[in-house]
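Chemist: pasted the sequence and its predicted model underneath.
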Amino acid sequence: MKRSRGGATDLSVQLGPLRLKNPIVAASGTFGYGTEFLPYLKLADLGGFVTKGLSLLPRRGNAPPRTCETPSGMLNAIGLANVGVEAFLDEKLPALRGCGTAVIANVFGETREEYVAVARRLNGAPDLHAIELNLSCPNTEKGGIAFGVSPPVIREVVAAVRRAAPGLPLIVKLTPNITDIAVAGRAARDGGADMLSLVNTFLGMAVDLRARRPVLDNVVGGLSGPAIKPLALYMVQRVYREVGLPIMGMGGISGAEDALEFMVAGSAAVQVGTANFFDPTASVRMVRDIDAWCRREGIRAVRELTGTLQFPHGAPPAPCAG
Amino acid sequence: MKRSRGGATDLSVQLGPLRLKNPIVAASGTFGYGTEFLPYLKLADLGGFVTKGLSLLPRRGNAPPRTCETPSGMLNAIGLANVGVEAFLDEKLPALRGCGTAVIANVFGETREEYVAVARRLNGAPDLHAIELNLSCPNTEKGGIAFGVSPPVIREVVAAVRRAAPGLPLIVKLTPNITDIAVAGRAARDGGADMLSLVNTFLGMAVDLRARRPVLDNVVGGLSGPAIKPLALYMVQRVYREVGLPIMGMGGISGAEDALEFMVAGSAAVQVGTANFFDPTASVRMVRDIDAWCRREGIRAVRELTGTLQFPHGAPPAPCAG
Amino acid sequence: MPFDTPAAVVRHESLNRDHFLLTLESPSIARAARAGQFVMLQTRDGTDPLLRRPMSIFRVLPGRSGRFQILYKVVGRGTRYLAGQPVGARLATLGPLGNGFRLPPAGTRPVLVSGGIGIAIFPFLVETLAKTRRRAPVLVYGARTKGDLAALGFFRAQRVPVRLATEDGSVGVRGFVTRLLEPLLAAPEEAAQLELFVCGPTPMLQAVAALAARAGAPCQLALESQMPCGIGVCLGCVVRCPGDDQGPMFRRVCTEGPVFRATEVLL
Amino acid sequence: MPFDTPAAVVRHESLNRDHFLLTLESPSIARAARAGQFVMLQTRDGTDPLLRRPMSIFRVLPGRSGRFQILYKVVGRGTRYLAGQPVGARLATLGPLGNGFRLPPAGTRPVLVSGGIGIAIFPFLVETLAKTRRRAPVLVYGARTKGDLAALGFFRAQRVPVRLATEDGSVGVRGFVTRLLEPLLAAPEEAAQLELFVCGPTPMLQAVAALAARAGAPCQLALESQMPCGIGVCLGCVVRCPGDDQGPMFRRVCTEGPVFRATEVLL
Ligand SMILES: Cc1cc2nc3c(=O)[nH]c(=O)nc-3n(C[C@H](O)[C@H](O)[C@H](O)COP(=O)(O)OP(=O)(O)OC[C@H]3O[C@@H](n4cnc5c(N)ncnc54)[C@H](O)[C@@H]3O)c2cc1C
Ligand SMILES: Cc1cc2nc3c(=O)[nH]c(=O)nc-3n(C[C@H](O)[C@H](O)[C@H](O)COP(=O)(O)OP(=O)(O)OC[C@H]3O[C@@H](n4cnc5c(N)ncnc54)[C@H](O)[C@@H]3O)c2cc1C
Ligand SMILES: Cc1cc2nc3c(=O)[nH]c(=O)nc-3n(C[C@H](O)[C@H](O)[C@H](O)COP(=O)(O)O)c2cc1C
Ligand SMILES: Cc1cc2nc3c(=O)[nH]c(=O)nc-3n(C[C@H](O)[C@H](O)[C@H](O)COP(=O)(O)O)c2cc1C
Ligand code: FES
Ligand code: FES
């Protein structure tokens, strides 16, 4: 695969109907509505970005404390605060006109109807490139259990959204809080997802020992950051082999090598989340560093890397702890 | 709760039929067969320790590389290497006679029959205080899916072991690789477990980018260490509120404050795993530091702490990411 | 406009056991900074602790040096890392961030109220007040003990009258800053001539805000909060604010703050 | 018997860009150590990197000082942390660990074969051979380039003949150490008088072990491995060894090694 130096790397990737100029996408909830990062980077240098999760009506979110640092990670319980889909269409999206990158709207609801209503509202919006369904949200009709842990529910919601927004590429974002994430991936595929993104955050908690109280007002939060990288990488590898849809992998990606590892494990593109907090230019630097790495390694097109992981003994053996 | 200084803290804890002199127990797979730590500590200073997992026959384990460091954690795929239950009874257990702490045998099998056979062999062994069933093991009769993710399988295995070793307190160790760990805890309770231990390691993977291969020869490994602490703490809290059996919590505990947080969240005792690797005296120092902390806080008996977590709004709301 | 840039450590002094004065060079940040703003400083090499730490801008040094200072107290791993950084080290630094203090009307007397390391925010304000020809401020400064007081030299050099309170009485009056504020705010006609600028631990902010409200004195509070990003995107740093019939509203301390009018927030 | 103790840094020298010589004080470890053993050193403050790092004992200093040395190369975060430790710092240190070298029979000529930072294990062996009146050793030492060679002064002072190989030819012969070993091992009657002691990267160990086997020379290999615990309990550091009809066996590098006879292991 070695080639002579010079000659730009082809960084573009294709995920089903969605073409990205490079594989680095900023993740939902960590990149605001995009414009917040204009002081630090050119949006056009990114493959794309995903907005904060949008609901039908604006949401104020949870009471503070909403975040807590943990070893090599952080917990968050923002409570899905967002401006609502109308304000997004009226104020946020127009500000992104001509930004030169793929804009992806993250969508959630507390009921199937809410998912559908938000998706329908977004369908046909100018300059919107795709929607991403966040299935980690509690289903208020099913006693607060997340949509994303029940295969029939996943299939239904995805199919309903598919019909409501026929014009937009549909990314389904999987929750990792499930026994076998491949089962969720297959359900999303069967519902009509064009591609999958994974993983969302892992459920976790922190305790304030002195006060004998949870640190987060919401008690429970989602763990993100480098701490979860090995877990996310395993899940991406598994979904890649078991489901057969293009994947945007994420979980703790902080540098180009992390991103490339996710690609080797099966990601066609990757998302960068928490790293945007501790390093606001992390995403664009990754684009540059991936380009440099490909040149060094003699790789003409970064998409060649996806799924190139070689297993020493054929397929991986049954996972076993200890 | 304040009391005057001086006066020893009562560190003893009672978990169903098992009384421990203090709540610090060294975890399976991280403490060998106990004697390896004699240069560094007195076993009698511990509440107890759990042996490396024992199978019916000796096992050599996986090919190297077996471990890999990750952000604030490590992956292992030892492959359950162990001397086998006969050598344990003939060589390891006699060396522990009079060691002054609770000796707990960790048991696993690839079939229900193997679990039962090992447990039966251990039943009545002198100086053995309890057995701990490791349910994270792949069930070769069910295509390699772990025993611990199927409630009916859990119930059956636990009940069978309960009958095979009626004389020993029975700890059932839960895997965290499941949608709702409380469901597994209830199944273990229904099968006859005296208490639960949680969590075992989380499935994860690391990629060697240069070689495009998994770092571990086994591909998949189990994540342990501080990185998983928030996840484990959440699960302990959940099982405490949902199941009603005494709990030995673990996952990333590295110091007295970690241990106390697990107790506040619902653990009656805790286990210390990976910390034994990077700090061989971590466990006994925790005992000392917990004693000192209780004195400072005016707590007479450490067991009073268990489950004292106060929820700001009554019970925790539905967990939700973002 | 904020910048994300590696700032070089050009000076680093230990003031006492756990307080340090760090001088960083970053012309773009120094030029843009206003009193009450802060930076996010990288305080580790690996991935733990993960997040940057918010630190107030203590002073921007005069002239064209492009230098500014941070006064910090070592309280945990991030600040311990900071304390180990030698001259010449480069620290990823993001700033200036947040809204600074709103300057008082020309005739108003500024009363600076500081608790503990809250003092770090005030030197820049003192210099800004002087430059903008506001009335000279007075500083009311409380700490646990004498050894926890820092930067007194700066205020003396600037001829700012300083009133001290320590919890153990080792210097100044024994007790909290409120003991010093109560007499100041006692006379309503005087109180109306004052504006309070407050930075310190939350219980102190609450107590001072209550005093100010009773006296009818305007009061600005510089809040602290856990800040994962510092730039308004994570929504993690919010403070509870008066709301409506649907409950409280939340505002981001990093971007809508860190300075709020006391009446804007519910502490 | 090994000890877990905070060892004080009493000296810390930079040898070149990335090689450092660290002198630690721990009388219990210094007294118990034998050539070929190692310690596990704590190389972080927080939780990342998580695990201690294994480091060979370079030398135990003479006299009753209770001091020993570590020669290390900065390759990642743990060793970078180490390089930042000033005199006076205390590093949690566990050792001495593992089985050292087995000393050769009295008449045998020891040939020390080092690749890169593998050199760190040999000074202690040289001193031990002298003390136990074995034959004087010769050192065959390969590295990528001249700048990667370290500790040559020690061997010169001890009058150990040194033959060098560098990959870029910047000093000694161009190529690998095997180019120097081949002639040494060519004559079977001479080879039978030799014993090889080898430490370096795995491809070098493989090549040297193959040469030794062909020449019929006994050969001890000091292995490296990922070592989470260093004390035999995690079973993580194993090396593949000749087995039986059920497949290979595995032995722990930390406790059954790190030194093995070349015939005992499958690299
Ligand atoms: C806008 C703003 C300006 C600040 N200016 C200064 C300053 O000029 N000088 C100074 O010394 N300190 C300042 N702080 C506080 C400083 O950010 C924290 O002390 C620092 O983050 C602690 O980091 P650590 O890793 O040393 O401690 P940690 O180990 O993280 O924690 C130690 C203690 O500090 C608390 N803490 C941790 N992070 C934060 C945070 N982001 N905000 C508030 N508390 C926290 C923890 O809850 C804990 O009680 C400021 C905080 C904010 C929000
Ligand atoms: C018994 C033994 C004795 C050793 N003696 C010395 C010595 O005297 N001087 C010296 O400089 N080095 C020695 N090493 C190697 C040293 O342990 C590693 O270089 C060190 O752990 C790297 O840590 P790091 O955090 O700087 O690098 P990392 O960031 O952890 O890794 C950098 C590179 O080193 C590799 N590495 C990491 N940990 C280990 C490990 N435990 N063993 C082998 N490779 C590893 C990684 O795979 C990676 O390629 C010895 C290793 C062993 C097993
Ligand atoms: C503060 C915060 C807010 C988030 N909000 C959302 C959200 O609104 N919708 C969503 O699908 N994911 C959300 N996420 C999850 C991230 O998009 C991402 O899946 C997760 O953080 C894992 O990636 P990381 O480790 O790179 O952060 C949020 C994460 C964080 C840390
Ligand atoms: C190297 C290693 C080997 C382990 N072996 C076993 C085992 O044999 N049986 C078992 O039940 N758990 C085993 N575990 C899991 C630990 O007992 C513990 O559940 C887990 O590591 C989480 O705790 P920690 O984060 O404190 O390490 C092993 C863990 C490690 C790191
Ligand atoms: S710190 Fe992220 S929004 Fe304020
Ligand atoms: S390093 Fe743990 S057994 Fe060798």
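Modeler: The structure has been received and is ready for your questions. Ligands and ions are numbered 1, 2, ... in the order given.
Chemist: give me the sheet partners of the longest strand anywhere in chain C and which way each runs.
Modeler: For chain C, the strand that runs over the most residues, judged by DSSP state E, is strand C:3-14. Partners of strand C:3-14 in the sheet, by DSSP bridges, are strand C:19-25 (antiparallel), strand C:90-97 (antiparallel).
Chemist: the longest helix anywhere in chain A: how far from the chain's middle?
Modeler: Secondary structure of chain A read by DSSP state H shows that its longest helix is helix A:282-297. Chain-centre distance of helix A:282-297: 20 Å, with C-alpha atoms, centre = their mean, to the nearest Å.
Chemist: near chain C at all, it?
Modeler: No - Helix A:282-297 does not reach chain C (C-beta under 8 Å from any C-beta of the partner chain); its nearest approach is 10.1 Å. For every residue, glycine as well, the C-beta is placed using N, CA and C.
Chemist: touching chain B at all, that helix?
Modeler: No - judged by C-beta under 8 Å from any C-beta, helix A:282-297 makes no contact with chain B; its nearest approach is 8.7 Å.
Chemist: which helices and strands does that helix pack with?
Modeler: Judged by 3 or more C-beta pairs under 8 Å, 6 or more residues apart in numbering or on different chains; DSSP states H and E, helix A:282-297 is in contact with strand A:24-26, helix A:256-265, strand A:269-272, helix A:275-278.
Chemist: which residues does it contact?
Modeler: Residues outside helix A:282-297 that contact it (C-beta atoms under 8 Å, 6 or more residues apart in numbering or on different chains) are A:1-2, A:5-6, A:8-9, A:11, A:22-24, A:26, A:41-42, A:45-47, A:253-257, A:259-260, A:272, A:275-276, A:279, A:299-300, A:302.
Chemist: how about it: buried residues?
Modeler: Residues A:282-287, A:289-291, A:293-295 are the ones in helix A:282-297 that count as buried (16 or more other C-beta atoms under 10 Å in any protein chain shown).
Chemist: tell me the mean pLDDT for it?
Modeler: Mean pLDDT, helix A:282-297: 97.
Chemist: ok, that helix near ligand 3 or not?
Modeler: No - Helix A:282-297 is not in contact with ligand 3 by C-beta under 6 Å from any ligand atom; minimum separation 9.6 Å.
Chemist: any idea how far residue A:28 is from the residue of the stretch 51-200 of chain A at minimum distance from ligand 3?
Modeler: Of all residues in the stretch 51-200 of chain A, residue A:53 sits closest to ligand 3, at 3.0 Å by C-beta to the nearest ligand atom. Remark: distance between residue A:53 and residue A:28 (C-beta to C-beta, to the nearest Å) = 6 Å.
Chemist: how many residues are close by the residue in the stretch 1-150 of chain C that ligand 5 sits nearest to?
Modeler: Nearest residue of the stretch 1-150 of chain C to ligand 5, counting by C-beta to the nearest ligand atom: residue C:54, 7.9 Å away. By the criterion of other C-beta atoms under 10 Å in any protein chain shown, residue C:54 has 22 neighbours.
Chemist: got the contact list for it?
Modeler: When contacts are counted by C-beta under 8 Å, 6+ apart, residue C:54 is found next to C:38-41, C:97, C:224, C:227, C:230, C:254, C:258.
Chemist: now, which of the residues you listed sits nearest residue B:135?
Modeler: Proximity of the contacts of residue C:54 to residue B:135 (C-beta to C-beta) peaks at residue C:227, which lies at 41.2 Å.
Chemist: got a pLDDT number for the closest one?
Modeler: For residue C:227, pLDDT reads 98.
Chemist: that one contacts residue C:236, doesn't it?
Modeler: Yes - using C-beta atoms under 8 Å, residue C:227 is in contact with residue C:236, at 7.0 Å.
Chemist: who has more neighbours, these two?
Modeler: Of the pair residue C:227 and residue C:236, residue C:236 is the one with more neighbours under other C-beta under 10 Å, namely 28 against 24.
Chemist: measure that one to ligand 2 for me?
Modeler: Distance, residue C:236 to ligand 2, using C-beta to the nearest ligand atom, to the nearest Å: 30 Å.
Chemist: tell me the domain ranges of chain C?
Modeler: The record's domain parsing of chain C by automatic domain parsing lists C:3-97, C:109-224.
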